[in-house]
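Participant: need the 3D shape of this:
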Amino acid sequence: MARALVVLAALLLQAGSSLARPYEQRSSRTEPDPSFAVKVKLGGKQYINKGLVAFGLIPSNFRESTGDTLGGIGSAIALKRGSFVKQSNGSFTGTIVAQPDRGFNVDGTIDYQARQHQIDFVLNPYYDSDNLSFEDGLKTLQLAYRDTLLYTERESQKTTGLDALAVRPAEALARFVTIEDPAMPIAPSNGHLAVDAEGLALNPDGTFWTSDEYGPYIYLFSPEGQLIETIQPPEAILPLVDGKLNFTSDSDPTTGRAGNQGFEGLTLDADGKTLYALLQSATIQDGGSDKTTSRYTRLLAYDVSNALLVRPPLISEFVVPLPQSNKGKTRGSSELHFVSDGVFLVLSRDGDGHGGDDAKSSYKQADLLDISDATDIHGTKFDDPSNPIAKKGKLNKNITPGTYVSFVDFIDDTQLGRFGVHNGKPVDQTLIDAKWESLALAPAFDPAYPDDFFLFTAADNDFISTEGIALGQPFNAGLDNDNQFMVFRVTLPGASAQGVARFH
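Facilitator: Here you go, the predicted model:
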């Protein structure tokens, strides 16, 4: 029965008809049930999690326009600028821009070209306390794939997902390039730029920023997906082995970002002039070689107001204290989203759930971070890898980290149950996915609650499917792990989702 539903949903997506079908509004409430509210204080302001309001998915065997399996799309999402609209029937429509990582790589990395997908949606918020069936729960967020944009680098070469086992020397590329490239991570087999895409931030002019794990670098792409320029972080973050760059993700360097622990989080401030990037966990010299000491990671801010003419300068850098388990293991960060000046949402999680090591997850949350009183360490000795901020995980006493506060719990049993979803066994289609890695905000358009927003999140399913296609070749990963999406309603004082909404 579950796979039949998946096949039916896939057919609806292929035809684009899931958005055309009328939806019978099941919710008798027009506002969230107040009993769901979870309130927290930060910086003298009250933030409220009003609960889960929608759930949807794209089947694990769905194929996108290139013929590849549509997967990994929860690695990063953004709402297309100007696409979010409230309809007269109380529903909301818009377009999600979803960016997968480096493709199906369970058996090793592959030559997967970085890309982004556009996915249209209809959001029908469900506010009642009664539990929906899983089938009815899926009607609250209906999704329809639209198209795919592929990324290219210098000389219009395809990017690749292959491990970055080689380095292209820094050089000035003359024609039509105003800012030279730093040393770049490449795959030795084809010489192409290796990109493990994670963060995504959209600019008003159609260009967009992408952060990756290999560098960890931040790339600016044109609206057509062509590389424009590259931001290289301070030396303290670059992966160095015996003082030389080594971009592989298979092992840890001597100093710098840990293997496969790059810039997971990326976000722009409200006016689009400051770009923030968050490391998944601590650098090696800061304790990043062990989960029990990798708590203190770094948040970087760049001035991108003149990015097409000058390389964006680093203007600030802060320490973020990530949450830890009862056993002292760090919950790595998977996404960052700007809320208001000095305040962010940070998605931290474990790796359990559908497609993970264990069916029962213990932590998946969008938490609050305030850096208003944090120490700015940019341009100091701490940007040199020989001066760690946290030796063996113990923070330098002269550094004040940001304030980190628990906020939106993704695995609240009551909230999941309202949509026919669960945490823990049995392992089936209704089990919550393991790897939630993205956040996006849209206004609720509620005059009674002007600070209310919809918080979108999506899971990275690692392309796990029994009917997968990668680079034209079929694969069977032994499990069908659908691309799940959730939407929460939250109160965020002073927040902005500038450019996302279209008024009519």
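
Participant: alpha carbons of stretch 475-486, in CSV - could you do that?
Facilitator: In CSV, the C-alpha atoms belonging to stretch 475-486 read as follows (Å, rounded to 0.1, in the frame of the first residue of the first chain):
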residue,chain,number,x,y,z
PHE,A,475,21.0,1.5,-8.7
ASN,A,476,19.3,-0.2,-5.8
ALA,A,477,20.2,1.3,-2.5
GLY,A,478,18.1,-1.3,-0.6
LEU,A,479,15.6,1.2,0.8
ASP,A,480,13.1,3.7,-0.4
ASN,A,481,13.7,7.0,1.4
ASP,A,482,11.4,9.7,0.2
ASN,A,483,12.3,13.4,0.0
GLN,A,484,10.3,14.7,3.0
PHE,A,485,9.3,18.4,3.6
MET,A,486,7.8,20.0,6.7
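
Participant: can we start the residue count at 28 from this point?
Facilitator: I'll keep to 28 as the first residue from here, and by that count the last item is stretch 502-513.

Participant: residue contacts, Gly447?
Facilitator: The contact partners of Gly447, taken as C-beta atoms under 8 Å, 6 or more residues apart in numbering, are Asn158, Leu159, Ser160, Phe161, Glu162, Asp163, Gly164, Thr457. (C-beta placed from N, C-alpha, C; glycine too.)

Participant: alpha carbons only: can I get the helix or strand hosting Phe365 in PDB?
Facilitator: Phe365 is part of strand 360-367, with elements assigned from DSSP states H and E. Extracted in PDB, the C-alpha atoms of strand 360-367 (Å, rounded to 0.1, in the frame of the first residue of the first chain):
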ATOM      1  CA  SER A 360      24.900  22.200  12.300                       C
ATOM      2  CA  SER A 361      23.200  21.600   9.000                       C
ATOM      3  CA  GLU A 362      21.800  25.000   8.100                       C
ATOM      4  CA  LEU A 363      21.700  28.700   9.000                       C
ATOM      5  CA  HIS A 364      19.000  31.200   8.300                       C
ATOM      6  CA  PHE A 365      19.000  34.900   9.000                       C
ATOM      7  CA  VAL A 366      16.100  36.200  11.300                       C
ATOM      8  CA  SER A 367      17.000  39.700  12.300                       C
END
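
Participant: who wins on neighbours among the contacts of Gly447?
Facilitator: Highest neighbour count within the contacts of Gly447: Gly164, with 24 neighbours (other C-beta atoms under 10 Å).

Participant: gap between the closest residue to that residue other than its chain neighbours and Phe82?
Facilitator: Once its chain neighbours are removed from consideration, Gly164 has its nearest residue in Phe446; the separation is 3.4 Å (C-beta to C-beta, 6 or more residues apart in numbering). Shown here: Phe446 relative to Phe82, a distance of 4 Å by C-beta to C-beta, to the nearest Å.

Participant: okay, and the common contacts of the two?
Facilitator: Overlap of the contact sets of Phe446 and Phe82 (by C-beta under 8 Å, 6+ apart) consists of Gly164, Thr167.

Participant: which residues touch stretch 63-72?
Facilitator: Counting by C-beta under 8 Å, 6+ apart, stretch 63-72 makes contact with 73-78, 156, 369-370, 395, 397, 399, 430, 432-436, 441-442, 520-521, all of which sit outside it.

Participant: now intersect those with the strands, please.
Facilitator: Members of the contacts of stretch 63-72 lying in strands (criterion: DSSP state E): 73-78, 370, 395, 397, 430, 432-436.

Participant: hang on, isn't Glu256 packed against Ala334?
Facilitator: Yes - counting by C-beta atoms under 8 Å, Glu256 sits close enough to Ala334 to count as a contact (7.0 Å).

Participant: okay, and the common contacts of the two?
Facilitator: Counting by C-beta under 8 Å, 6+ apart, the shared contacts of Glu256 and Ala334 are Leu247.

Participant: residues in contact with stretch 115-122: which ones?
Facilitator: When contacts are defined by C-beta under 8 Å, 6+ apart, stretch 115-122 is touched by residues 46, 50, 52, 57, 106-107, 110-114, 145-152, 173, 469, 472, 481, 527.

Participant: only whichever of these are buried, select them in ChimeraX.
Facilitator: Typed into ChimeraX, the next command selects the buried ones out of the contacts of stretch 115-122 (criterion: 16 or more other C-beta atoms under 10 Å):
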select :106,107,110,111,113,145,146,147,148,149,150,151,152,469,472,481,527
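
Participant: point out where this protein drops to low pLDDT.
Facilitator: Confidence mapping of the chain against pLDDT under 70 gives the ranges 28-54, 199-205, 529-531.

Participant: ok, which stretches of it are helices?
Facilitator: In the chain, the segments counted as helices under DSSP state H are 29-42, 161-164, 440-444.

Participant: just among the ones in strands among the contacts of stretch 63-72, which is most surrounded?
Facilitator: Val435 (28 neighbours).

Participant: perfect, that will be all.
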